[in-house]
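J.: attaching a predicted model along with its sequence, questions to come.
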Amino acid sequence: MNKPLPHAIPASIEEARIRWSAEYAAQIGSDRAVRNRSGIPIKPLYTPLDVDPARYDADVGFPGEPPYTRGIYATMHRGRTWTQRQLIGLGTPESYNARLRDILDKGGNAVSLIPCNSVFRGYDMDEVDAELLGTCGVVCNSAEHMATCLAGVDLARTSCAMNDPSPFTLLAFMLDTAKRNGVDWRALSGTSNQSDYLSHFVANHMFFRLALSGARRVLIDHIAWCSEHLPRWNPLSVVGQHMQQAGATPAEALAFTLASAIQYADDCVEAGMSPDVFLPRFTFFFDISISFFEEIAKFRAARRIWARITRERYGAQDPRSWRFKFHGQTSGVDLTRQQPLNNIARVTAQAIAGIFGGLQSLHTDAYDEVLSCPTQFGARIAVATQNILREEAHLTDVIDPLGGSYYVEKLTDEMEAKVVAIMAEVEAAGGMYAAVESGLVQRRIGESARAFQERIDTGEQTVVGVNRYQVEEDASARPALAKPDVALMDAHRADFARYKTQRSQGGVERALAALARAAQESGPGRTNLFGVIVEAAAAGCTHGEICGTLRRELGFGHPLVVV
């Protein structure tokens, strides 16, 4: 308790702290040990004794300047608020477009396309059970479908996120749509939002279409091609969300995400790319749990660590390379099927944590997302939540409003230390690729998931409506999105069959043969695979045909399951 006083801390503060400590101990009796989800011990009170004011410039600083703890831009949300990017996907391309236009009319200002699970798995609609089509995303299998999805959207002015794992067919379809509409590709902005194949291999097996080495090759080609042809497009989104939703603690999720970013940067450098060319287009995607202060500290620490890595490890000179740009999504794992309206409060708390953490774009989950693809009613509430926080609650008036809080600054320091220690373990294992290949990362996430579930099972961690404050409910009265209209989906399948017979069969065969040949190449000077994928999409090849061709040449994706 009686540690030496930091420099410039008045003795009166230490004396007051001693008095308070005695009073606290007398009143509370046997105090409970408190740790956050990352295992960091939490004290009952934080004071000037917990921070070193002499390190303000080095550890905190000002927004828009290293170490970026307080934000990557000088004005942050006071100058430009976050992009309001609602993830939506439903049924047929026509249904999706109607839903998208409604979201944009209600305040959304960007596109985020979620495809059907069949698309995520790498198949066309005529390769899977028809009953499953469109139940959680849009069935988009061709450039024609994408043109319908994005009808009426000004692609030159609207940022688009394609939730599009390797080999990035959705972006290829979008590029064809832009070309048809006379939009210069260099004007397109947005993100290849599911480009992080390592996170898929670890925690999102449905997304993992190609063998690990094949996915690695396609990603690096994707980054190189986009750097040359799409200067405003972010070809890489390093995803912490999957690992945190699989059970990683916030500290583990950040550490593994940064370790993945290092792996991708190393691979880009080995491929001959300059750090100041590719690093400015690296982005990150995180889960925002309901552990409010822990999430804020996570994001503040992330900016500080990334700025150091880009400058010291890669020698980046361009300040844009040092910026840690991230999208946040409120955590669906924290939502409950029981008393689902309570999820509105959970999402609101999560969203505020992300905003105070300095995010660049935000998706707020609908309260009914835990039950089904969000209903239109639920999606509107999710959009309105962001509007209220931005325009009624005045959360954008002050930059980094919790900066300077003794608790937040100390927690940021402790989060950084924990993250750096985990990253060192990954580095010692040979880097993130090797750590994932060996199962080290999967085992650690599994252990954390089990430990957190045990806290819920024992009641140590309260989940309202689940292990405390339960109420009798009629589960049948819970809102749920109806399945896509069978007649509409049947018509969509029939149209797709006609499309495949009416296109140029010779052109498709030549494009797929060229793709196979490019995949077979190796060594310096080989053909950029993503460029050939773009050409195949323009030639009329479908999503399933492109994925199937690359599976045959590069190997099928079989993620490691650790038990």
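T.: The structure has been received and is ready for your questions. None of the values given here were measured: they were computed from a predicted structure.

J.: Lys325 touches Phe286, doesn't it?
T.: No - the pair Lys325 / Phe286 is not scored as a contact, 11.3 Å apart, by CB atoms under 8 Å. For glycine as for every other residue, the C-beta is placed from the backbone atoms N, C-alpha and C.

J.: neighbour count winner among these two?
T.: Per other CB atoms under 10 Å, whichever of Lys325 and Phe286 has more neighbours is Phe286, with 27 against 20.

J.: the more buried one - that's part of a helix, no?
T.: No - using DSSP: H, G, I helix; E, B strand; the rest coil, the secondary structure at Phe286 is strand, not a helix.

J.: how about Leu362, secondary structure?
T.: State at Leu362, reduced to three classes by three-state DSSP: strand.

J.: per-residue pLDDT, it?
T.: Leu362 carries a pLDDT score of 94 in this model.

J.: list the beta-bridge partners for it.
T.: Leu362 has these beta-bridge partners by DSSP bridges: Gln84, Gly328.

J.: I'd like the distance between it and Ala353.
T.: Distance of Leu362 to Ala353, given as CB to CB, to the nearest Å: 11 Å.

J.: please apply the same query to Val561.
T.: Using CB to CB, we find Val561 at a distance of 32 Å from Ala353.

J.: settle it for me: which of these two has more neighbours?
T.: Taking other CB under 10 Å, Val561 and Ala353 do not tie; Ala353 has more neighbours (26 against 8).

J.: next one: phi and psi at that one?
T.: When read as degrees, to the nearest 10, the backbone of Ala353 gives phi -60, psi -40.

J.: where does the closest residue to Leu150 other than its chain neighbours land in three-state SS?
T.: Computed as CB to CB, 6 or more residues apart in numbering, the closest residue to Leu150 that is not its neighbour in sequence is Thr177, at 5.6 Å. Following three-state DSSP, Thr177 is assigned to helix.

J.: show me the shaky parts of this protein.
T.: Residue ranges of the chain with pLDDT under 70: 1-9, 86-89, 479-482, 562-563.

J.: then the host helix or strand of His200 to PDB, C-alphas only?
T.: His200 is located in helix 197-203, with elements delineated by DSSP states H and E. Below are the C-alpha coordinates for helix 197-203, written out as PDB (Å, rounded to 0.1, in the frame of the first residue of the first chain):
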ATOM      1  CA  TYR A 197      -7.800 -15.700 -43.800                       C
ATOM      2  CA  LEU A 198      -5.900 -16.500 -40.500                       C
ATOM      3  CA  SER A 199      -8.900 -15.400 -38.400                       C
ATOM      4  CA  HIS A 200     -11.100 -17.700 -40.600                       C
ATOM      5  CA  PHE A 201      -8.800 -20.600 -40.100                       C
ATOM      6  CA  VAL A 202      -8.800 -20.100 -36.400                       C
ATOM      7  CA  ALA A 203     -12.300 -19.200 -35.600                       C
END
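
J.: quick one: it to chain centroid distance?
T.: A distance of 12 Å separates the centroid of the chain from that of helix 197-203, by CA atoms, centre = their mean, to the nearest Å.

J.: and it, what does it pack onto?
T.: Counting contacts by 3 or more CB pairs under 8 Å, 6 or more residues apart in numbering; DSSP states H and E, helix 197-203 is packed against helix 212-229, helix 241-245, helix 250-270, helix 432-438, helix 440-458.

J.: repeat that with 10 Å
T.: For helix 197-203, the packing partners by 3 or more CB pairs under 10 Å, 6 or more residues apart in numbering; DSSP states H and E come out as helix 212-229, strand 236-239, helix 241-245, helix 250-270, helix 432-438, helix 440-458.

J.: for the ones you listed, which one sits closest to Lys500?
T.: Each of the helices and strands packed on helix 197-203 has some distance to Lys500 by CB to CB; the shortest is helix 212-229, at 24.4 Å.

J.: distance check, Arg32 against Met432.
T.: Noted for Arg32: a distance of 37 Å to Met432, by CB to CB.

J.: of the helices and strands packed on helix 197-203, which is nearest Pro524?
T.: Minimum separation from Pro524 across these (CB to CB) falls at helix 250-270, 11.3 Å.

J.: and the angle for that closest one with helix 440-458?
T.: Relative orientation of helix 250-270 and helix 440-458, computed by axes from the mean of the first three to the mean of the last three CA atoms, to 10 degrees: 160 degrees.

J.: could you check the angle helix 250-270 makes with helix 212-229?
T.: Here helix 250-270 runs at an angle of 70 degrees relative to helix 212-229 (the same axes, to 10 degrees).

J.: helix or strand right after helix 250-270?
T.: helix 275-278.

J.: name the helices or strands packed onto that following helix?
T.: Using 3+ CB pairs under 10 Å, 6+ apart: helix 275-278 touches helix 212-229, helix 250-270, helix 319-322.

J.: please produce JSON lines containing those helices, extended by distance to Asp57 and mean neighbour count.
T.: Shown next, in JSON lines, are the helices and strands packed on helix 275-278 (distance: least, CB to CB, whole Å; neighbours: other CB atoms under 10 Å):
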{"stretch": "helix 212-229", "distance to Asp57": "34", "mean neighbour count": "21"}
{"stretch": "helix 250-270", "distance to Asp57": "23", "mean neighbour count": "24"}
{"stretch": "helix 319-322", "distance to Asp57": "16", "mean neighbour count": "19"}
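
J.: ok, which of those helices comes nearest Leu512?
T.: Nearest of the helices and strands packed on helix 275-278 to Leu512, taken as CB to CB: helix 212-229 at 15.7 Å.

J.: next helix or strand past the closest one?
T.: strand 233-234.

J.: for that next one, name the packing helices and strands.
T.: Counting contacts by 3+ CB pairs under 10 Å, 6+ apart, strand 233-234 packs against strand 160-162, helix 169-180, strand 190-192, helix 212-229, strand 282-288.

J.: tell me which of these sits nearest to Ala203.
T.: For Ala203, the closest of the helices and strands packed on strand 233-234 is strand 282-288, at 10.8 Å, according to CB to CB.

J.: ok and the closest one relative to helix 212-229, angle-wise?
T.: Computed by the same axes, to 10 degrees, the angle separating strand 282-288 from helix 212-229 equals 120 degrees.
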